[in-house]
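Chemist: okay, predicted coordinates and the sequence, questions at the end:
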Amino acid sequence: MSLPVNDAMENPPETVVGEAQPYRVLARKYRPKTFDDLIGQGAMVKTLANAFATGRIAQAYMLTGVRGVGKTTTARLIARALNYARADAPSMHMPELAEHCEAILESRHVDVIEMDAASRTGVDDVRELIESVRYRPVMARYKVYIIDEVHMLSKQAFNALLKTLEEPPPHVKFIFATTEIRKVPVTVLSRCQRFDLRRLDAAALMSHLSRIASLEDVTAEEEALRMIARAAEGSVRDGLSLLDQAIAHAGSKITADAVQSMLGLVDRARVIDLFEAVMAGDAARALEELETQYAQGADPQNLLTDLADFVHWVTRLKIVPSAGADPDRSQAERERGTKLAQVLSMASLTRAWQMLLKGLTELREAPDVLAAAEMLLIRLSYGASLPSTDELMKLAAGAPEEVSSSPKALEHRKSEPPRAPAEASAPSLQTQGSLAIDRSPTDQQSSPEAQTFRHFRDVVAFIGDKRDIKFKGDLERYVRPVRVAKGTLEIALEEGAPAGLPGELARKLEAWTGERWMVSVSSELGEPPLRQQARALRDSKFLEARKHPVVKAVLEKFPGAEISDVRDPDLLTGLTDPQGSSETD
């Protein structure tokens, strides 16, 4: 809901001296009285202004948006504009309170009927409304029906309303408001002019809250207003309610510490400290930070929600550096977030985001929220030091690590002692594209043999020696070699390759050689498949043979003669042809 700051609000009507006046909450005290008072809804106001100026006023309006953005207030302003008595026709220019204005704004005008569909959902309530439609307004220009939370009406009630909504009498207008637009039947939506009221951005809401605080003779720190605006989530009514609560809590001077204590929030700088500890793999420091903030009254759920928000913020900064100008963020968040975005890898950030999403769900279901939060931070800390898929491939290929998952992860891994020989029996990790496959030593055959391959052709020949002819043929037909190194094969696949071929190759090589093999699918094109290479070589040999003087003489001497085969024992050893026969030496 958008609220006004105008002379009428600053100077309320005089009251009788000595008479006690009931307190009015800020959300009601500063409710808009004109369309000029609405903030953040410029598109809707412009559309309505043009419609009123040209006389193209719809018979029904549908106002939708989240709670507190101004749906009911806008409905009353439209009703006031339709019945503005100091103009000859409906007008959105309403500089003064006219005959019907105050009654309409206070929801007590006889011709502006407000109905709460949440409490009057039945078809009988709608039939009563339809019966009253045929009567002309008592005092005003139009009879206006405002139905709030219209999605709560029953199916029968909607059906009963359809005909009247499509062809209402000329003196009747309908205005509907809802927070659940998808629950409203399309038959009703098609008969209405729809307006989607937007959430107010944080900068505009902070400015509005600052003006209201000044009118209330209250000083508020910028960071305190930022906390309130963030907690309001774009709802002006929620923002004003929180400001009301902050004034009651802190008095005439609202500080960030007071708002933080009131809402159970966490200092954003401390959230960044926790983030740095987690991404550095320092679980002990992360737990200590959690305990300190919990002792100071921070809710673990809010703390980890803010941590997830900061992970998203740093990830967004890594993709869109210009996002650092967001006024919703504090100076510390902008400066430290930018530096972290430059240091951290995308893999570590996305991994942390996924772990936090899952962990926050666990927190809501855990019997001990603090214990669940501690376990989540421990998982995050250890997960931060895990190498990415690219790093695993470089490690397996013997290349130096170039990218670190976290600022201290590489240093942490280098400081670890080398694995003992006994640890070789631990399950190994192989990758197939982005798929990780855990292989246990129990899957390996006995009596493994050491093997070194210089080219993928050596791998295929080795498979042939193991008498796995079908798999050998698949490798020749569908695999494009990219790189071969000790314990590592990098390949590309032809269209139609059997599913799971890389994983099957890794498993068989590990079983037959007793060594760990990482078979990864590369984005590079690689060499042609061995079958294709053999055919290309064969074709070149046929062409070369045809050019040989002796062969040319024979073909000329015997018309109709054909070259049936050309054999090269050095290059065509062991490759199977498409029919499954072998081209021998």
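Modeler: Alright, I've got the coordinates. Since this is a predicted model, take the numbers as computed values, not measurements.
Chemist: E490 sits in which helix or strand?
Modeler: Per DSSP states H and E, E490 falls inside strand 488-493.
Chemist: contacting residues for A283?
Modeler: L377, I378, S381, Y382 (C-beta atoms under 8 Å, 6 or more residues apart in numbering). Every residue, glycine included, has its C-beta placed from N, CA and C.
Chemist: shaky segments in the stretch 101-250 of the chain?
Modeler: Residue ranges of the stretch 101-250 of the chain with pLDDT under 70: none are present.
Chemist: count of residues packed around V521?
Modeler: V521 has 17 neighbours, counted by other C-beta atoms under 10 Å.
Chemist: meant to ask about E99, not that
Modeler: 12.
Chemist: can I assume it sits in a strand?
Modeler: No. Looking at E99 with DSSP: H, G, I helix; E, B strand; the rest coil, it is coil, so not inside a strand.
Chemist: distance check, S345 against V278.
Modeler: Per C-beta to C-beta, to the nearest Å, S345 is found 15 Å from V278.
Chemist: so the two - more neighbours on which side?
Modeler: V278 (28 against 18).
Chemist: once you drop chain neighbours, what's closest to that one?
Modeler: L380 (4.6 Å; C-beta to C-beta, 6 or more residues apart in numbering).
Chemist: cool, V566 as well?
Modeler: K541 is the one closest to V566 (C-beta to C-beta, 6+ apart), at 4.1 Å.
Chemist: name the SS class of that neighbour, please.
Modeler: helix.
Chemist: please report the distance of it from Q533.
Modeler: 13 Å.
Chemist: same deal with A332?
Modeler: Taking C-beta to C-beta, one finds A332 at 60 Å from Q533.
Chemist: so E510 is in contact with V519, correct?
Modeler: No. When contacts are counted by C-beta atoms under 8 Å, E510 is not listed as touching V519 (9.7 Å).
Chemist: among the contacts of A283, which ones are in helices?
Modeler: L377, I378, S381, Y382 (DSSP state H).
Chemist: packing partners for the strand holding E490?
Modeler: Counting by 3 or more C-beta pairs under 8 Å, 6 or more residues apart in numbering; DSSP states H and E, the packing neighbours recorded for strand 488-493 are helix 389-397, helix 456-465, strand 479-485, helix 501-513, strand 518-521.
Chemist: that one vs helix 456-465, what angle?
Modeler: Relative orientation of strand 488-493 versus helix 456-465 (axes from the mean of the first three to the mean of the last three C-alpha atoms, to 10 degrees): 90 degrees.
Chemist: what is the neighbour count of K318?
Modeler: Neighbours of K318 using other C-beta under 10 Å come to 19.
Chemist: doesn't L344 make contact with it?
Modeler: Yes. Look at K318 against L344 with C-beta under 8 Å: they come within range, at 7.4 Å.
Chemist: element containing the nearest residue to L26 once chain neighbours are set aside, please.
Modeler: Spatial nearest neighbour of L26, excluding adjacent residues (C-beta to C-beta, 6+ apart): L240 at 4.4 Å. Per DSSP H and E, L240 falls inside helix 236-250.
Chemist: please identify the buried residues of that helix?
Modeler: For helix 236-250, the neighbour count (16 or more other C-beta atoms under 10 Å) marks 236-247, 250 as buried.
Chemist: can you check stretch 318-338 too?
Modeler: K318, A323, G324, D326, R329, S330, E333, R334, R336, G337.
Chemist: so which of the ones in helices among the contacts of A283 is surrounded by the most neighbours?
Modeler: L377 (26 neighbours).
Chemist: check contacts around the nearest residue to that one once chain neighbours are set aside.
Modeler: Closest residue to L377 apart from its sequence neighbours, by C-beta to C-beta, 6+ apart: A286 at 4.5 Å. Residues near A286 by C-beta under 8 Å, 6+ apart: L274, A277, V278, L377, I378, L380, S381.
Chemist: Serialize these to TSV and add fields for pLDDT and distance to K472.
Modeler: TSV is the format used below for the contacts of A286 (pLDDT from 0 to 100; distance: C-beta to C-beta, whole Å):
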residue	pLDDT	distance to K472
L274	90	55
A277	89	52
V278	90	49
L377	92	50
I378	92	47
L380	91	46
S381	89	46
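Chemist: out of those residues, which one sits closest to A204?
Modeler: L274 (30.2 Å; C-beta to C-beta).
Chemist: what helix or strand is that closest one located in?
Modeler: Here L274 is assigned to helix 268-279, by DSSP H and E.
Chemist: do F195 as well
Modeler: strand 193-196.
Chemist: just to revisit the earlier point, dump the ones in helices among the contacts of A283 to TSV, plus distance to V259.
Modeler: Shown next, in TSV, are the ones in helices among the contacts of A283 (distance: C-beta to C-beta, whole Å):
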residue	distance to V259
L377	25
I378	31
S381	30
Y382	35
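Chemist: can you tell me which of those lies nearest to P169?
Modeler: Nearest to P169 among the ones in helices among the contacts of A283, with distances taken as C-beta to C-beta, is L377, at 64.8 Å.
Chemist: from L304, how far out is the closest one?
Modeler: In this view, L377 and L304 are 8 Å apart by C-beta to C-beta.
Chemist: off-centre distance for the helix or strand where K163 lies?
Modeler: Here K163 sits within helix 155-166, counting by DSSP H and E. In terms of C-alpha atoms, centre = their mean, to the nearest Å, the centre of helix 155-166 is set 38 Å apart from its chain centre.
Chemist: now swap in stretch 199-208 and tell me
Modeler: 22 Å.
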